[in-house]
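Student: With the input below, show me the fold.
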Amino acid sequence: MKKLVFLLIGAEILYMGCSYMAAEQPPDNQTNCTPRFPNQQVTYNNYVKRIVANNCTITCHRGGDSQGTGNFTTYAGIRQYTPDIFYFRVVQDRADMPQGNAPLPKSVRDSLDIWIKNCSPEN
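Tutor: Numbering: from 1, shown residues only. Sure thing, here's the model as predicted:
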């Protein structure tokens, strides 16, 4: 009976290990970027700026004496953190930002994902 229990536990562990999803990969290097969703017009000025202002620059990423690294109050300020750090900390399913709060809603993170995968356009 003990063998059966251990066998079932081992099978469950094996199943869980095989069903684990691969870690999300950041989008391509932005220098040689080709937009992946050219029909989706998510830009910094028409969408991202407002999301960042409401969730990132209130207390943290506003430069100067703010608590967070980087100044996200300008396009150039946030652009240097895409696609890597911003993608992993804000966009992916295991996002841990905004710090101390729940991750942004999935629909918002999906739009930010499109923005990054479209080479993070400003306009």
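Student: Can you name the next helix or strand after the helix or strand of the chain with the lowest mean pLDDT?
Tutor: The weakest-scoring helix or strand in the chain, judged by mean pLDDT, DSSP states H and E, is helix 2-19 (a mean of 57). Counting by DSSP states H and E, the element after helix 2-19 in chain order, helix or strand, is helix 49-55.
Student: where in the chain is pLDDT low?
Tutor: Scanning the chain for pLDDT under 70 picks out the ranges 1-31, 65-66.
Student: what's near enough to touch the residue positioned nearest the centre of the chain?
Tutor: The centre of the chain sits closest to residue 91, judged by C-alpha atoms, centre = their mean, with a distance of 1.8 Å. By C-beta atoms under 8 Å, 6 or more residues apart in numbering, residue 91 lies in contact with 109, 112-113, 116. Where C-beta positions appear, they are placed from N, C-alpha and C, glycine not excepted.
Student: Restricted to helices, list those.
Tutor: 109, 112-113, 116 (DSSP state H).
Student: Identify, from those residues, the entry nearest to residue 50.
Tutor: Using C-beta to C-beta, residue 112 comes nearest to residue 50 of the ones in helices among the contacts of residue 91, at 11.6 Å.
Student: what's the closest non-adjacent residue to the closest one?
Tutor: residue 91 (5.0 Å; C-beta to C-beta, 6 or more residues apart in numbering).
Student: got the phi/psi numbers for the one you found?
Tutor: Residue 91 adopts backbone torsions of phi -90, psi -40, taken as degrees, to the nearest 10.
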